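K.L.:
After the sequence you'll find the predicted model.
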Amino acid sequence: MNFWVLYNMKTTIFTTPILSFILRQISNLIMFLAGWRVDGKLPDLPKYVLIGAPHTSNWDFVLFLGIIFHLKVDARYMGKAELFRFPYGWFFYYCGGIPVDRKKSTGLVEQMVEAANASSKFILTIAPEGTRHKVTEWKSGFHRIAKGAGIPIVMAKVDGAKKIVYVGEVFQPTDDMDADMKLIQDAFKGIVGINPKKKYITLER
């Protein structure tokens, strides 16, 4: 039995009976007390790349977990392969992690496309800036993964000013990546994130 078959069979923290329910209630309570809410819902699709932006704070990860539990999503994220080794590797798998081996001849994009193609359900979460610091351009990996796997991109917009996360907008990638990237970034205009001082800057094209 190969790795991806095992990967498809495993249960994550987001799908474990009772535990996921308890964590969902806790997450909802924390978001309520912090004044955050989710506007919209995710599409009923088996596979897509979920991008969340702007990524401006370490608190984004906590907010991400709250959103994932609130929306009842069995999400995945990428992590360096070293994290998934014995004896603590099980924890990162259990939290939805997918190991990325940078030493392999195939690149990160190819490894994620392989994972998507080998899975019956695949929701991969990515912060397109690649860092919480101010950037001038988004990384294109999320677009190349979606295009390579033939799956859509779904947007989650973190509006720190209103404490609302808007979710659900679907974008079908085309062969014109530059045009697509501009359209996607334009969809996030006016959204400042948790820390407005670190919002991304879009260059004129």
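P.N.:
Cool, the structure landed.
K.L.:
From V167, how far out is A53?
P.N.:
12 Å (CB to CB, to the nearest Å). To be clear about C-beta, it is placed using only N, CA and C from the backbone, and glycine gets the same treatment.
K.L.:
try N58
P.N.:
The gap separating N58 from V167 is 21 Å, by CB to CB.
K.L.:
Same check on A156?
P.N.:
For A156, the distance to V167 (CB to CB) stands at 5 Å.
K.L.:
Could you list the low-pLDDT ranges of this protein?
P.N.:
In the predicted model of the chain, residues 1-10, 104-106, 130-136, 196-205 satisfy pLDDT under 70.
K.L.:
Can you tell me the centre-most residue of it?
P.N.:
Nearest to the mean C-alpha position of the chain, by CA atoms, centre = their mean, lies T125 at 1.4 Å.
K.L.:
can you pull the contacts of that residue?
P.N.:
By CB atoms under 8 Å, 6 or more residues apart in numbering, the residues touching T125 are 50-52, 64, 68, 75-77.
K.L.:
Just put those in JSON lines and tack on secondary structure and distance to D178.
P.N.:
Output for the contacts of T125, formatted as JSON lines (DSSP: H, G, I helix; E, B strand; the rest coil; distance: CB to CB, whole Å):
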{"residue": "L50", "secondary structure": "strand", "distance to D178": "22"}
{"residue": "I51", "secondary structure": "strand", "distance to D178": "17"}
{"residue": "G52", "secondary structure": "strand", "distance to D178": "22"}
{"residue": "F64", "secondary structure": "helix", "distance to D178": "28"}
{"residue": "I68", "secondary structure": "helix", "distance to D178": "31"}
{"residue": "A75", "secondary structure": "coil", "distance to D178": "28"}
{"residue": "R76", "secondary structure": "strand", "distance to D178": "27"}
{"residue": "Y77", "secondary structure": "strand", "distance to D178": "26"}
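K.L.:
related to what we said a few turns ago, neighbour count for N58 and V167, which is higher?
P.N.:
Between N58 and V167, counted using other CB atoms under 10 Å, the more crowded position is V167 (22 against 10).
K.L.:
Quick check: that one vs A115, distance?
P.N.:
23 Å.
K.L.:
Give me the contact list for the helix or strand harbouring L65.
P.N.:
Assigned by DSSP states H and E, L65 belongs to helix 59-71. Under the criterion CB under 8 Å, 6+ apart, residues 14, 20, 23-24, 27-28, 30-31, 36, 38, 41-42, 52, 75, 125, 127, 132, 156, 158, 165, 167, 193-194 lie in contact with helix 59-71.
K.L.:
Show the buried residues in those.
P.N.:
Neighbour counting by 16 or more other CB atoms under 10 Å classes 14, 20, 23-24, 27, 31, 36, 38, 42, 52, 75, 125, 127, 132, 156, 158, 165, 167, 193-194 among the contacts of helix 59-71 as buried.
K.L.:
Just those residues: which are in strands?
P.N.:
Applying DSSP state E to the buried ones among the contacts of helix 59-71, the entries found in strands are 38, 52, 125, 156, 158, 165, 167.
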